[in-house]
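Novice: structure for this input, please:
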Amino acid sequence: MRERPAPVRPAPGGSSSLSPSQRLLGRDWRLAAAFVGPTLLLVAGLILFPIVDSVFTSTTERHGAETVFVGLDNYTALLDDAVFHKGVLNSFVFTAYAEIFKVTLGLIAALMLHHMRRGRAIVAGVILLPWVVPTVVTAFTWRSLFDPIFGSVNVLLTDSGIGPFLATIGLVDRWPAEWLSDPALAMPAVILVNVWKGIPFFTVTFLAGLKAIDGALYEAAIVDGASPWQRFLHITLPGLRHIMIVTVLLSSIWTFNNFDLIWLMTQGGPGDATAPYVMVAYSKAIQQLQLGAGAAVTLVMLPIIGVLVVILVRMMRRNDLPGTGERRRLTPVQRRAMPWVVVVASVLVLVWASPHIVWKAALVLGVFVLLAAAVGRVVSVLAARGNRLAARVVGGTGSGIALVGLLGFVLAPLYWMTVTAFKSDDQIVARTDDLWPTPWTTQQFTNLFEGRAFGTWYLNTILVSVASTLIALVCAALAGYALARLKFRGSESFTVTILLTYVMPGALLFIPLYQMMSGIGLNDSLWSLVLAYPTFTLPFATWLLVGYFKSIPADLEEAALVDGCTRFGAFLRIVLPLAKPGLLAVALFTLTNAWNEFLFAFVFITKDDYKTLPVGMQSMIFGDVVPQGQLAAASLLISIPVVVMYGFGQRFLTEGLTAGAVKG
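Specialist: This is a model prediction of the structure:
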């Protein structure tokens, strides 16, 4: 007689074993509330509430000691505000030119590195340096180089004959050039510096995209007789389309809301030639104490930023959820036409907005593109004729020259900063042996610590960076695990909120956060920075760790749960040790972002004893008196910790980003 099978019991967590609250809110809602609670509190209190409060502030106006409701007056006043119009135009011009150059040069650099057989990791690490060093270092180094009296740009261009040639063809109106005090040159100068700092980000992301393209596609194209240009056009560009769109959108949001680089280099001058809309908002809210008018400036720009953010979120989540990205897909013809429509529209806007810059930018960019195309064409012709040795020689020589030029462009400002830090004041003033200290001296470092609060600024920066990093790390680990593993209602919406706040620029937050810190008495306190910094560190950390936790097999936790371990115990004993690369990558990013932050520290802190390094270095300049040597020494000291951290953490950073940001 056949034995009857035992009845099958519902698995733990099955629908029949769920309580009414679990069926309504999700199986793990209680645990999820504990895990997500700290992050939700910080995001709501420091990002969402301040933005809502900013909307209310924009409808008020300060009359003496009183604040009165004025409705939409602050918005209507912007219609006739020439300073605001100029600021918006400057933001568009600055962003458009910078992104065009970063995309083009970053792609050329990535292609060169991709075809390197040896030393690729070393060269990529060197190219990453401009992106790693703090913005304040970038600004003061280039400001020193552009100085018409003590800088070396004019000297080198004059001695090489390039400077007079630029004046002859009309790229500069006169020579020697006054790069930062000439209204016609100031904007191109700050664009150049932004491009210098941004190329590494594009190069590294494009290089990762090139590695992901299937090599079999190129082999098949070569067999079919496709030329290098055809392979680039039909394989490389389509393969990079997604990562290019995401990179450009993310960089555009950052660039459009840039404040620190422009402020530190020109303070928006000469006149308002380089002042972006963020600087207009800062001037109205902080300098003129009209918080409502300043809030109105930032909120008027919110729809533009919002469009970029929504597109970016859709692109970054396209492969994250089932069905995402399959809706409303463009036809192949529309996908091919869309980039050209964007390019043509951008060019037309730039021709209208900055006719004095557009032809100069087109000339410079055209030279790079034509040189790269010419080398590729020669190599293609030689290879087609069967002369592979000559093709390799020409290709190798062209790539070598381009690589030397790229490394020279990347390293020259950093070299100038280093040697200037070891020059004496007499040598800097006399301008003898510009490219080498004679003799080497530590005078600038000694002067830096004598009679200044530099040591205090350094300690303040360490304390604030470490504290904000710990807050971000703990909260992000808990929230990231909950979003990756736990089942609860609203998890998808919270993930989208995290991503939205991740790309939300600080320009929208500094005014309401300034009001908040003033209201609770934390202005001119390091606590104001510790509380404010999670607004830009926590969302990124959470988003990265969500992706990283998803990459860890869930079977390991299930086995621990079967053995009697609690969910929190499995998180501590199983997941966190395996997530070490992701946690280190998060710690590295949040620590360096906090170390480099300028806008919040500049707005919240006025007392010398509470300044951080970026703000303290800016205060070392008194009017037209710029201590070149001491700023170079300070720049070297502020850069060394960041460079060392990236050097030692590069392996963990790569692994963490690959498993986290890419998959997440």
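Novice: low-scoring stretches of the stretch 101-250 of the chain, by residue?
Specialist: The model of the stretch 101-250 of the chain has no residue with pLDDT under 70.
Novice: quick one, helices of it?
Specialist: For the stretch 101-250 of the chain, helices defined by DSSP state H, counting those that start in this stretch occupy the ranges 120-127, 129-132, 135-146, 153-160, 162-169, 183-212, 215-223, 228-231, 237-256.
Novice: will you turn the ones you listed into CSV that also has mean neighbour count and distance to residue 424?
Specialist: Any C-beta I mention is one placed from the backbone N, CA and C, and that applies to glycine too. Putting the helices of the stretch 101-250 of the chain into CSV (neighbours: other C-beta atoms under 10 Å; distance: least, C-beta to C-beta, whole Å) gives the following:
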stretch, mean neighbour count, distance to residue 424
helix 120-127, 16, 29
helix 129-132, 19, 26
helix 135-146, 25, 16
helix 153-160, 15, 19
helix 162-169, 14, 28
helix 183-212, 21, 27
helix 215-223, 12, 55
helix 228-231, 15, 52
helix 237-256, 19, 38
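Novice: distance to residue 630 added to the ones you listed, as JSON lines?
Specialist: What follows is those, written out as JSON lines (distance: least, C-beta to C-beta, whole Å):
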{"stretch": "helix 120-127", "distance to residue 630": "27"}
{"stretch": "helix 129-132", "distance to residue 630": "22"}
{"stretch": "helix 135-146", "distance to residue 630": "10"}
{"stretch": "helix 153-160", "distance to residue 630": "21"}
{"stretch": "helix 162-169", "distance to residue 630": "29"}
{"stretch": "helix 183-212", "distance to residue 630": "21"}
{"stretch": "helix 215-223", "distance to residue 630": "52"}
{"stretch": "helix 228-231", "distance to residue 630": "50"}
{"stretch": "helix 237-256", "distance to residue 630": "29"}
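Novice: any idea which of those gets closest to residue 596?
Specialist: Closest approach to residue 596 among those (C-beta to C-beta): helix 135-146, 5.9 Å.
Novice: name the residues that touch that closest one?
Specialist: 130, 150-153, 179-180, 189, 192-193, 196-197, 260-261, 264-265, 413-414, 416-417, 420, 596, 598, 613-614, 617-618, 626, 628, 631-632, 635, 638-639 (C-beta atoms under 8 Å, 6 or more residues apart in numbering).
Novice: can I get that helix as CSV, trimmed to CA atoms?
Specialist: The C-alpha coordinates for helix 135-146 follow below in CSV (Å, rounded to 0.1, in the frame of the first residue of the first chain):
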residue,chain,number,x,y,z
THR,A,135,38.4,72.4,-6.2
VAL,A,136,40.0,75.1,-4.1
VAL,A,137,43.4,73.7,-5.2
THR,A,138,42.3,73.7,-8.8
ALA,A,139,41.1,77.3,-8.6
PHE,A,140,44.1,78.8,-6.9
THR,A,141,46.6,76.9,-9.0
TRP,A,142,45.1,78.0,-12.3
ARG,A,143,44.5,81.5,-10.9
SER,A,144,48.2,81.6,-10.2
LEU,A,145,49.1,80.3,-13.7
PHE,A,146,46.8,82.9,-15.4
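Novice: ramachandran coordinates for residue 60?
Specialist: Backbone torsions of residue 60, given as degrees, to the nearest 10, read phi -120, psi 170.
Novice: tell me the contacts of it?
Specialist: Residue 60 neighbours (C-beta under 8 Å, 6+ apart): 67, 68, 69, 70, 291, 292.
Novice: re the thing from before, the helices of the stretch 101-250 of the chain: which one's closest to residue 582?
Specialist: Set against residue 582 and scored by C-beta to C-beta, these come closest in helix 183-212, at 16.7 Å.
Novice: next one: that closest one to chain centre, how far?
Specialist: Taking C-alpha atoms, centre = their mean, to the nearest Å, one finds the center of helix 183-212 at 11 Å from the center of the full chain.
Novice: the inter-axis angle of it versus helix 135-146?
Specialist: Orientation of helix 183-212 against helix 135-146 (axes from the mean of the first three to the mean of the last three C-alpha atoms, to 10 degrees) gives an angle of 130 degrees.
Novice: helices or strands up against helix 183-212?
Specialist: Contacts defined by 3 or more C-beta pairs under 8 Å, 6 or more residues apart in numbering; DSSP states H and E place helix 183-212 against helix 82-114, helix 120-127, helix 129-132, helix 135-146, helix 237-256, helix 260-265, helix 355-384, helix 388-421.
Novice: so, low pLDDT: which residues of the stretch 401-550 of the chain?
Specialist: 451, 503.
Novice: hey, where'd the helices end up in it?
Specialist: Going by DSSP H, counting those that start in this stretch, the stretch 401-550 of the chain shows helices at 425-430, 443-449, 454-485, 491-502, 510-519, 526-532, 534-550.
Novice: next, format the ones you listed as TSV and append distance to residue 162 and mean neighbour count.
Specialist: Below are the helices of the stretch 401-550 of the chain laid out as TSV (distance: least, C-beta to C-beta, whole Å; neighbours: other C-beta atoms under 10 Å):
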stretch	distance to residue 162	mean neighbour count
helix 425-430	24	15
helix 443-449	30	18
helix 454-485	37	22
helix 491-502	42	19
helix 510-519	40	21
helix 526-532	44	23
helix 534-550	40	26
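Novice: residue 232: which of these is closest?
Specialist: Among the helices of the stretch 401-550 of the chain, the nearest to residue 232 by C-beta to C-beta is helix 534-550 (30.2 Å).
Novice: export that closest one as PDB, just CAs?
Specialist: The C-alpha coordinates for helix 534-550 follow below in PDB (Å, rounded to 0.1, in the frame of the first residue of the first chain):
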ATOM      1  CA  PRO A 534      24.900  64.300   4.500                       C
ATOM      2  CA  THR A 535      22.700  66.100   2.000                       C
ATOM      3  CA  PHE A 536      25.200  65.300  -0.700                       C
ATOM      4  CA  THR A 537      27.000  62.300   0.800                       C
ATOM      5  CA  LEU A 538      24.200  60.100   2.100                       C
ATOM      6  CA  PRO A 539      22.100  59.700  -1.100                       C
ATOM      7  CA  PHE A 540      25.100  58.700  -3.100                       C
ATOM      8  CA  ALA A 541      26.300  56.300  -0.500                       C
ATOM      9  CA  THR A 542      22.800  54.700  -0.200                       C
ATOM     10  CA  TRP A 543      22.400  54.300  -3.900                       C
ATOM     11  CA  LEU A 544      25.900  52.700  -4.300                       C
ATOM     12  CA  LEU A 545      25.300  50.300  -1.500                       C
ATOM     13  CA  VAL A 546      21.900  49.200  -2.800                       C
ATOM     14  CA  GLY A 547      23.600  48.000  -5.900                       C
ATOM     15  CA  TYR A 548      26.400  46.400  -4.000                       C
ATOM     16  CA  PHE A 549      24.200  44.500  -1.600                       C
ATOM     17  CA  LYS A 550      22.100  43.200  -4.500                       C
END
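Novice: before I go, just wanted to say thanks for your time.
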